[in-house]
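>>> fold the following.
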Amino acid sequence: MKFLKFVALLLLFSPGYGAEALLRSSEAWLLTKLWLRGLNQRKGLRSEDATNSIRVPPADAYVTQWRDHFRPSDYTTWQQAYFINDSYWKPGSDAPIFLCTGGESPPKTRSMVVGDRDCSDAVLMLEDKGALMFGLEHRYYGCHNFSACPADALLDADPMRWLNVDQALADVATFIEAMKKKYNLSDKNKWVTFGGSYPGTVSAWSRLKYPNHVYASVSSSAPVLAQYDFFEFLDHAGENAAISSIGGSEACRTALTAGHARVGDMMKTGQGRQSLATTFDLPSAAWLESSANRLDFAGWGVAYYEVQSNDPVCPDYACNVESFCSELLGGAEAVTTDDAVKNLAKIRAGQRDSWAPWLVVDYNASSVYKPIPFVEMRFAWWTLWNYQVCTEFGWLFSCAKGSDCPFTQDLGNFEDQQAMCKGLFGVMPAGNKAAIAATNRYFGGKQMEATRVFSVNGQADPWSEMAITESLGDQMPAHVALGASHHAWTYPPKPTDQESLKATRKLIRKVVFNWLCEGPCTDCVRTNMTWIDISRRKLLFASSRKALRGLLRVLACFGRAKQAAGEARAPESQAGAAARLLLIEAMLGHGMNGKTSKFNVMEGLLQAVSSFSEREEAPGSGEREGGD
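Sure thing, here's the model as predicted:
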């Protein structure tokens, strides 16, 4: 089972995201090719052996879902897995509900609701809000057992046809309805969805299509614009090599691009192929005569260059932009093209011998794809994702001649992915393009019309090209984190995190708390009174700045509540009333006329504070934090 060992090594030793480093589309496409090669090697293995050999951990619970939400005559149901974190939840409270949406990944574990790669930004807010949190698997990807999947591989003629985002969004709405009944939730329990990458797309579109179910959404690194030729992906990957805040430089970008261009030129001649075979330890010069082998060798980089999941503190050799550029430039400010090629070969060998065993070349690549039984691929999440790519989103990566792609150009990346869609799923280019157009018409692309959706992206993430990076009004804010990679802020916090990640988590918290304050201000007061002690009718400042900001937010909450209710005076809790009185007393004690009406003083101050605080709390107009 050479192939299974191969995938296991990939999962164990890939940089950036550790065991889940492979959750990205370019590698999903590559893994599909490798996996298909593995199928050809498993001649004597029965289908049931292939699937039963994969052990998936059990979920916390299951909810009954319709296989087809939009076909009333289909009464088939299945069991969708979900997870629960009720550590801070008090039954009967008005606290919010946080929902982590699943997506293109292996089946999840309980880490989904206690701190994993997708929704740790939500987990960090649970205690402060007393929130209840759920993690919901995505149909097909989260098949914890044979009943936890919409399709029956042995009975359904077309088992993939229920794998699409429309069905997944309906799953979210149905799940919310079921949990409201199970936990006796009311409309005061506001649902906020979270997710990173495609789950971030599901999060945003859940709010867009089911606004009566989902109150707000935090959508991290979420592609929302479907596009057939996603040429910007690899172009952006090249730009990352020049971002100084993550250790890149223009010299590094130039060397990366020039080195791969020289490799392309060398592959065109017999002498050049022989030199490459020797320099890069390839099977032979003849091996490079195959177009499929040339693509496999250089179309995605002759060495492993992290295109979207850069980890600034990864410990392995040349595993991030900074260490890769350091090795590529060899400590110099710039290198010749010949030296760039030699250094790329050195990097490839170092990675191969330490943590990237897939760089060992002992096979002949192929661009021939044939349909395979669903029973073989039901647990191969990367192939399931490619099905959605081919039938809904596009996002095929190209490295065309004359583009800004940093790798060897014009080797057929795009054409090979087209062949995959046709060979595996019977999807021709015209069909893919029609599906992409329908997706954008239905959801609106980057101009989606929704409210309370916070779009967060990273500067060093190529997927940001398909995401919302500029605010679409006060209720559709956007933020781009300096030097950040693909939804890096949704990972559990580490002491070594970039400052931009820490700031982004704080901003997400601020936006979500502010949205949850739109309404009765009791919860808003409870949140912001954290910095204020009014037990003895005086302010005790742990930090004068924090205390003042906390008080300003409380007062701003009163102002919003008053405006919404249209009342003469805003509703206020006991703590809020005490805060009003304290501020009045403080004002009167600092030279104000003792005969001045306390109410008139407060009314004028509230108007000013509300206006100021709302401006201060706004997440910006989509501008980047800064950059290179």
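
>>> in the stretch 251-400 of the chain, mark out all the helices, start to finish.
Ranges of helices within the stretch 251-400 of the chain are 270-279, 291-294, 321-329, 337-354, 374-377, 381-388, based on DSSP state H, counting those that start in this stretch.

>>> in JSON lines, list those along with mean pLDDT and mean neighbour count.
Every C-beta, even on glycine, is put in place using the N, C-alpha and C of the backbone. Listed next are the helices of the stretch 251-400 of the chain as JSON lines, based on pLDDT from 0 to 100; neighbours: other CB atoms under 10 Å:
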{"stretch": "helix 270-279", "mean pLDDT": "97", "mean neighbour count": "16"}
{"stretch": "helix 291-294", "mean pLDDT": "93", "mean neighbour count": "19"}
{"stretch": "helix 321-329", "mean pLDDT": "98", "mean neighbour count": "22"}
{"stretch": "helix 337-354", "mean pLDDT": "97", "mean neighbour count": "19"}
{"stretch": "helix 374-377", "mean pLDDT": "57", "mean neighbour count": "20"}
{"stretch": "helix 381-388", "mean pLDDT": "87", "mean neighbour count": "23"}
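
>>> of all these, which lies closest to residue 214?
helix 381-388 (21.3 Å; CB to CB).

>>> tell me what the closest one is packed against?
The helices and strands touching helix 381-388, judged by 3 or more CB pairs under 8 Å, 6 or more residues apart in numbering; DSSP states H and E, are helix 25-41, helix 413-425.

>>> weakest of the ones you listed by average pLDDT?
For the helices and strands packed on helix 381-388, mean pLDDT drops lowest on helix 25-41, to a mean of 46.

>>> columns distance to residue 240 on top of the helices of the stretch 251-400 of the chain, output as JSON lines?
JSON lines is the format used below for the helices of the stretch 251-400 of the chain (distance: least, CB to CB, whole Å):
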{"stretch": "helix 270-279", "distance to residue 240": "26"}
{"stretch": "helix 291-294", "distance to residue 240": "24"}
{"stretch": "helix 321-329", "distance to residue 240": "6"}
{"stretch": "helix 337-354", "distance to residue 240": "16"}
{"stretch": "helix 374-377", "distance to residue 240": "32"}
{"stretch": "helix 381-388", "distance to residue 240": "23"}
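
>>> residue 123 is nearest to which of these?
Of the helices of the stretch 251-400 of the chain, nearest to residue 123 by CB to CB is helix 381-388, at 23.1 Å.

>>> any idea of the angle that closest one forms with helix 413-425?
100 degrees (axes from the mean of the first three to the mean of the last three CA atoms, to 10 degrees).

>>> hey, C-alpha coordinates of helix 381-388 in PDB?
The C-alpha coordinates for helix 381-388 follow below in PDB (Å, rounded to 0.1, in the frame of the first residue of the first chain):
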ATOM      1  CA  TRP A 381     -12.300  14.400   0.600                       C
ATOM      2  CA  TRP A 382     -10.000  16.000  -2.000                       C
ATOM      3  CA  THR A 383     -11.900  14.300  -4.800                       C
ATOM      4  CA  LEU A 384     -15.200  15.300  -3.400                       C
ATOM      5  CA  TRP A 385     -13.900  18.900  -3.400                       C
ATOM      6  CA  ASN A 386     -12.800  18.700  -7.000                       C
ATOM      7  CA  TYR A 387     -16.400  17.600  -7.800                       C
ATOM      8  CA  GLN A 388     -17.700  20.900  -6.400                       C
END
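
>>> could you give me the buried positions within the strand ranked longest in the chain?
In the chain, with assignment by DSSP state E, the single longest strand is strand 77-85. Residues 78, 79, 80, 81, 82, 83, 84, 85 are the ones in strand 77-85 that count as buried (16 or more other CB atoms under 10 Å).

>>> and for stretch 395-405?
395, 396, 397, 398, 399, 400, 404, 405.

>>> so of the residues you listed, which ones are in strands?
395, 396.

>>> the nearest residue to residue 429 once chain neighbours are set aside and residue 229, how far apart?
With CB to CB, 6 or more residues apart in numbering as the measure, residue 418 is the residue that lies nearest to residue 429, at 6.0 Å, once sequence neighbours are left out. Applying CB to CB, to the nearest Å, the value for residue 418 to residue 229 is 10 Å.

>>> following the helix or strand bottoming out on mean pLDDT in the chain, which helix or strand comes up?
In the chain, the helix or strand scored least confidently by mean pLDDT, DSSP states H and E is helix 47-52, which has a mean of 30. Using DSSP states H and E, the helix or strand that directly follows helix 47-52 along the chain is strand 61-66.

>>> residue 116 versus residue 199, what's the distance?
Residue 199 is 11 Å from residue 116, by CB to CB.

>>> and those two? which has more neighbours close in?
Using other CB atoms under 10 Å as the criterion, residue 199 and residue 116 rank with residue 199 on top: 33 against 21.

>>> wait, isn't that one in contact with residue 122?
No - using CB atoms under 8 Å as the test, residue 199 is too far from residue 122 to be in contact (11.6 Å).

>>> what touches both of those two?
By CB atoms under 8 Å, 6 or more residues apart in numbering, residue 199 and residue 122 have these common neighbours: residue 100.

>>> show me where the stretch 51-200 of the chain has its helices.
111-114, 120-123, 126-129, 165-182, 198-209.

>>> turn those into a markdown table, columns for distance to residue 99 and mean pLDDT.
Formatted as a markdown table, the helices of the stretch 51-200 of the chain follow (distance: least, CB to CB, whole Å; pLDDT from 0 to 100):
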| stretch | distance to residue 99 | mean pLDDT |
| --- | --- | --- |
| helix 111-114 | 10 | 92 |
| helix 120-123 | 8 | 96 |
| helix 126-129 | 12 | 95 |
| helix 165-182 | 7 | 98 |
| helix 198-209 | 8 | 98 |
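
>>> so of these, which one's packed in deepest?
helix 198-209 (a mean of 27; mean count of other CB atoms under 10 Å).

>>> helix 165-182 and that helix, what's the angle between them?
70 degrees.

>>> show me what helix 198-209 is packed against.
By 3+ CB pairs under 8 Å, 6+ apart, helix 198-209 packs against strand 97-101, helix 165-182, strand 191-196, strand 216-220, helix 429-443, strand 453-458.

>>> which one of these lies nearest to residue 490?
Taking the helices and strands packed on helix 198-209 one by one with CB to CB, strand 191-196 is closest: 4.3 Å.

>>> which other helices and strands contact the closest one?
Looks like strand 191-196 contacts strand 97-101, helix 120-123, helix 198-209, strand 216-220, helix 499-516 (3+ CB pairs under 8 Å, 6+ apart).

>>> okay, buried residues for the last one please.
The one in question is helix 499-516. Taking 16+ other CB under 10 Å as the criterion, helix 499-516 shows 500-501, 503-505, 507-516 as buried.

>>> CA atoms only: put that helix into CSV for me.
Extracted C-alpha coordinates of helix 499-516, given in CSV (Å, rounded to 0.1, in the frame of the first residue of the first chain):
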residue,chain,number,x,y,z
GLU,A,499,0.7,40.9,15.6
SER,A,500,-1.7,41.2,12.7
LEU,A,501,-3.4,37.9,13.8
LYS,A,502,-3.8,39.2,17.3
ALA,A,503,-5.3,42.4,16.1
THR,A,504,-7.6,40.6,13.7
ARG,A,505,-9.0,38.4,16.5
LYS,A,506,-9.7,41.5,18.6
LEU,A,507,-11.4,43.1,15.6
ILE,A,508,-13.6,40.1,15.0
ARG,A,509,-14.5,40.1,18.7
LYS,A,510,-15.3,43.8,18.6
VAL,A,511,-17.5,43.5,15.5
VAL,A,512,-19.4,40.5,16.7
PHE,A,513,-20.0,42.0,20.2
ASN,A,514,-21.2,45.3,18.6
TRP,A,515,-23.7,43.4,16.4
LEU,A,516,-25.0,41.4,19.3
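
>>> alright, calling it a day.
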